[in-house]
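> Show me how the following folds:
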Amino acid sequence: MHAPASVPQRLRALVQAAHRYLFRVAPLPHATGSLSVAVGAGLAHFCVEFLGQGALLAGLCLALPASGWFCLGLLCLADGYCRYREYRRLKRMIGRWGFHPRLLSSVAASRCQRDAALAAASETGHLGRARAHFRHLGYRWYHLLPDSTVDNPLRFFDPAFLRVTFLPGKD
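Residues are numbered from 1 along each chain as shown. Purely as a prediction, here's the structure:
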């Protein structure tokens, strides 16, 4: 029988889990989402200031971009959560079957997915092999955008792209 964990141990585990979620598994979506929410909050602040001063038109003109930045931030944060689910799925698969390049090839087309796969490989002891596999496929640190959107930026709005992004696999 295990003794219950002390408060500092639980707090340390919580901090480690938050660090993994925010900075290791999906740093790009969380940074983009946080920045977008901050810009939206700044615009919303000015919107409320203008409305308080009676400048209705100026306040309403700022309300639209503020809501757009908030929506973008929420989409990015949702993408970060989906990458975390993908990380958990890949970690479970690598832990069960070991390292196989075909497990990582399905997530190679996006920087966010590669980050999640690298975090899973790191925690299962296969980080070097995973990095070598992505490098062999031609990916470097500066390949930020998903492959499909480099050719066509409007691909962000394609239902198939959104399905792959927000429904990565069974959890």
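> Give me the pLDDT for Glu86.
Predicted confidence (pLDDT) for Glu86: 94.
> Now do whichever helix or strand it is part of: which elements does it pack against?
When secondary structure is defined by DSSP states H and E, Glu86 falls within helix 56-97. For helix 56-97, the contact count by 3 or more CB pairs under 8 Å, 6 or more residues apart in numbering; DSSP states H and E identifies helix 27-52, helix 101-105, helix 111-123, helix 159-166 as packing neighbours. In this view, the C-beta of every residue, glycine as well, is placed from N, C-alpha and C.
> relative to helix 159-166, how tilted is it?
Orientation of helix 56-97 against helix 159-166 (axes from the mean of the first three to the mean of the last three CA atoms, to 10 degrees) gives an angle of 70 degrees.
> so what's the backbone phi/psi at Pro146?
For Pro146, the backbone dihedrals (degrees, to the nearest 10) come out as phi -60, psi 150.
> repeat for the one 5 residues further on
In this entry, Asp151 is assigned phi and psi values of phi -70, psi -40 (degrees, to the nearest 10).
> count of neighbours near it?
In terms of burial, Asp151 registers 8 neighbours under the definition other CB atoms under 10 Å.
> next one: Leu28
By the measure other CB under 10 Å, the count of residues near Leu28 is 16.
> Let the chain start at 11 from now.
Sure, I'll start counting at 11 from here, so that last one is Leu38.
> Leaving out sequence neighbours, find the closest residue to it.
In space, and not counting its chain neighbours, Leu38 is closest to Cys122: 5.5 Å by CB to CB, 6 or more residues apart in numbering.
> and the one you found, what does it touch?
The neighbours of Cys122, taking CB atoms under 8 Å, 6 or more residues apart in numbering as the test, are Ala36, Leu38, Pro39, Asp89, Gly90, Arg93.
> My guess is the fourth one contacts Pro37. True?
No: here Asp89 lies out of contact with Pro37, judged by CB atoms under 8 Å, at a distance of 11.9 Å.
> Tell me which of these two has more neighbours.
Relative neighbour count places Asp89 above the other of Asp89 and Pro37, with 21 against 16, counting by other CB under 10 Å.
> For Glu165, give me its contacts.
Wrong residue type there; residue 165 is Arg, not Glu. Neighbour list for Arg165: Pro156, Ser158, Thr159, Phe171 [criterion: CB under 8 Å, 6+ apart].
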